[in-house]
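J.: here's a sequence, model it:
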Amino acid sequence: MIMFSIWICAVLATAHGNECVHDAPEDVPQFLQKSLQLQEDTRMSTENSKKVRAKRKEGEIQTYHFYANFHGLDPALVTLMNIMHDSSVACGSCGIFLFSCEEEGLTDANCLLRNMSTCLTSPMSCSADNGLRVLRTGIIGQNFSSVNTTDFTSLKNLWADQRRHQLLASSMLTQSWLPSTWGPTKRVLITTILMDPVERLRSVFYISSEDHSPEAFTAYLEAQHELVNLTHDTEMPLGKGCCEYNYYLGGGDVKTAKQVLVSQFDFVGISEMMSQTLVCLARLYGKTPAGMGTLARDSGLEVPKTEKWKKDDLEMATAITAKDQEIYDFAKELFERQSVSMWNNNDVLKAQTKNLEEAWNKKWEPE
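T.: Below you'll find the model as predicted:
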């Protein structure tokens, strides 16, 4: 919640001309206490972005960003995406909240902060948790028969911007950030990052539970397994860990979820291949790999780490996430084609990934 309070304070300070002061714990990097003061080569200062936006000339391309933020990923990654999208308030940019304060395990104080986080300016992006509901409502009634399933991961399956805008605009939740009318100077950029479902299940457990003991984790898996068995595919079991990909991308249908990935997303990243994912996002957003590496470092993003699984727990987790796993495996195939295509060939991709990692791992030195 530290990052959350930084976002709130930064927005309110901008509105009232006041300076924010945080009692941050010692282990929070100094650069976070200064509202993510980024290196000059990133060119991602929020104020600069606002100035650029204000000076847009008639006929200039305006990009509206949508990031599908699935649960279980490193919160620093969401921070990074908000910086990329110039969205200082994560949850106010998409409309209503996806989960109640009680479901998120928030204290009364944190819940009040969250409910205060409405946008004071008109955003051009959506990267909050409730963006998942935009996906869920947008795909209802859509016809994805134009997707070529004989070459399922073909990049030619991506819909045109105007058609994808229509899908997003069909959700009432997009009215706060997406224009109701379309034109030749507008475009949408839709991205997401998927995590191995069994690891996401474990990550959600760690986020939502105070007891991280092996016994508590096994009990959590048993409860999730029972919920999945009792819940219809078109419903989302409470707990968020089991089947988000199938539910939000496909409305309970695995094939539809795959069709949505290839037809709606400019890029589908993979958490377990974070360096390659970030270097491709850099390409999409017009950043250098080194600049993106610096952003990752200054956002506090870390390479995802995995733990060993107990055999019985892994078998249970695999059964719980079976449908999401099929979607994830498909996403990895799509990721391979998208990433190589962005950089023309695999050798260039590897070289640029190395440049990003060097910047990401470079020790931060205050000016």
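J.: quick one, longest strand in the chain?
T.: strand 186-194 (DSSP state E).
J.: for the stretch 101-250 of the chain, which segments count as helices?
T.: Using DSSP state H, counting those that start in this stretch, the helices found in the stretch 101-250 of the chain span residues 101-104, 108-115, 131-138, 161-169, 197-208, 214-230, 244, 250.
J.: deepest of those helices, which one?
T.: helix 250 (a mean of 26; mean count of other Cβ atoms under 10 Å). C-betas here are computed from N, CA, C, even on glycine.
J.: other residues contacting it?
T.: 139, 256-260, 327 (Cβ atoms under 8 Å, 6 or more residues apart in numbering).
J.: neighbours of residue 326, just the number please.
T.: 17 (other Cβ atoms under 10 Å).
J.: ignore what I typed, I meant residue 252.
T.: Each residue near residue 252 was counted by other Cβ under 10 Å, and the total is 18.
J.: go on, the one 10 residues further on?
T.: Using other Cβ under 10 Å, residue 262 has 27 other residues around it.
J.: next up, the contacts around the nearest residue to it once chain neighbours are set aside.
T.: The shortest distance from residue 262 to any residue other than its chain neighbours is 4.1 Å, reached at residue 157 (Cβ to Cβ, 6 or more residues apart in numbering). By Cβ under 8 Å, 6+ apart, the residues touching residue 157 are 146-148, 151, 259, 262-263.
J.: okay, residue 157: pLDDT?
T.: Looking at residue 157, its pLDDT reads 97.
J.: I'd guessed residue 133 sits against residue 168; true?
T.: No - if you go by Cβ atoms under 8 Å, residue 133 and residue 168 don't touch, sitting 11.7 Å apart.
J.: measure residue 198 to residue 217 for me?
T.: Using Cβ to Cβ, to the nearest Å, we find residue 198 at a distance of 12 Å from residue 217.
J.: which parts of the host helix or strand of residue 334 are buried?
T.: Here residue 334, judged by DSSP states H and E, is contained in helix 322-342. Buried residues in helix 322-342, counted by 16 or more other Cβ atoms under 10 Å: 323-328, 330-331, 334-336, 338-340, 342.
J.: which strands and helices lie in contact with the helix or strand just after it?
T.: Toward the C-terminal end, the helix or strand that comes next after helix 322-342 (DSSP H and E) is helix 346-361. Applying 3 or more Cβ pairs under 8 Å, 6 or more residues apart in numbering; DSSP states H and E, one finds that helix 346-361 contacts helix 274-285, helix 289-298, helix 322-342.
J.: list the buried residues in helix 346-361.
T.: Buried, per 16+ other Cβ under 10 Å, within helix 346-361: 349, 352-353, 355-357, 359-360.
J.: compare the helices of the stretch 101-250 of the chain and give me the one nearest residue 179.
T.: Nearest of the helices of the stretch 101-250 of the chain to residue 179, taken as Cβ to Cβ: helix 161-169 at 8.2 Å.
J.: so for that closest one, mean pLDDT?
T.: So the average pLDDT for helix 161-169 ends up being 93.
J.: picking up where we left off before, partner strands of the longest strand of the chain and their direction?
T.: Paired neighbours of strand 186-194 in the sheet (DSSP bridges): strand 62-68 (parallel), strand 267-270 (parallel).
J.: return the member of these having the minimum mean pLDDT.
T.: strand 62-68 (a mean of 86).
J.: contacting residues around that strand?
T.: Against strand 62-68 from outside (Cβ under 8 Å, 6+ apart): 56, 81, 84-85, 87, 124-127, 131-132, 134-135, 165, 168, 177-179, 185-192, 248, 265.
J.: hey, C-alpha coordinates of it in CSV?
T.: The C-alpha trace of strand 62-68 is given here as CSV (Å, rounded to 0.1, in the frame of the first residue of the first chain):
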residue,chain,number,x,y,z
GLN,A,62,-3.3,9.7,-29.8
THR,A,63,-2.8,6.2,-28.2
TYR,A,64,-5.1,4.8,-25.6
HIS,A,65,-3.6,2.1,-23.5
PHE,A,66,-5.3,-0.9,-22.0
TYR,A,67,-3.3,-3.3,-19.8
ALA,A,68,-5.1,-6.4,-18.5
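J.: buried residues in it, which are they?
T.: For strand 62-68, by 16+ other Cβ under 10 Å, it's 64-68.
J.: nearest to residue 109, of those?
T.: residue 67 (27.3 Å).
J.: which residue is the nearest non-sequential neighbour of the closest one?
T.: Nearest to residue 67 is residue 127, by Cβ to Cβ, 6+ apart, at 3.9 Å.
J.: neighbours of the one you found, how many?
T.: Residues lying near residue 127 (other Cβ under 10 Å) number 27.
J.: please name the bridge partners of residue 187.
T.: residue 63.
J.: picking that back up, what pLDDT, on average, does the longest strand of the chain get?
T.: Here the average pLDDT along strand 186-194 is 93.
J.: run through who's touching it.
T.: By Cβ under 8 Å, 6+ apart, the surrounding residues in contact with strand 186-194 are 61-70, 73, 77, 81, 161, 164-165, 168, 179, 245, 264-271, 277, 281, 284-285, 327-328, 331.
J.: low pLDDT regions in the chain?
T.: Scanning the chain for pLDDT under 70 picks out 1-59, 79, 82-105, 112-124, 128-130, 232-240, 364-367.
J.: angle of the longest strand of the chain against helix 322-342?
T.: On the basis of axes from the mean of the first three to the mean of the last three Cα atoms, to 10 degrees, strand 186-194 is oriented at 130 degrees to helix 322-342.
J.: quick one: strand 186-194 to helix 161-169, angle?
T.: Going by the same axes, to 10 degrees, strand 186-194 makes 60 degrees with helix 161-169.
J.: dump the buried residues of helix 346-361 to TSV, plus distance to residue 308.
T.: Listed next are the buried residues of helix 346-361 as TSV, based on distance: Cβ to Cβ, whole Å:
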residue	distance to residue 308
349	30
352	32
353	27
355	32
356	28
357	25
359	31
360	26
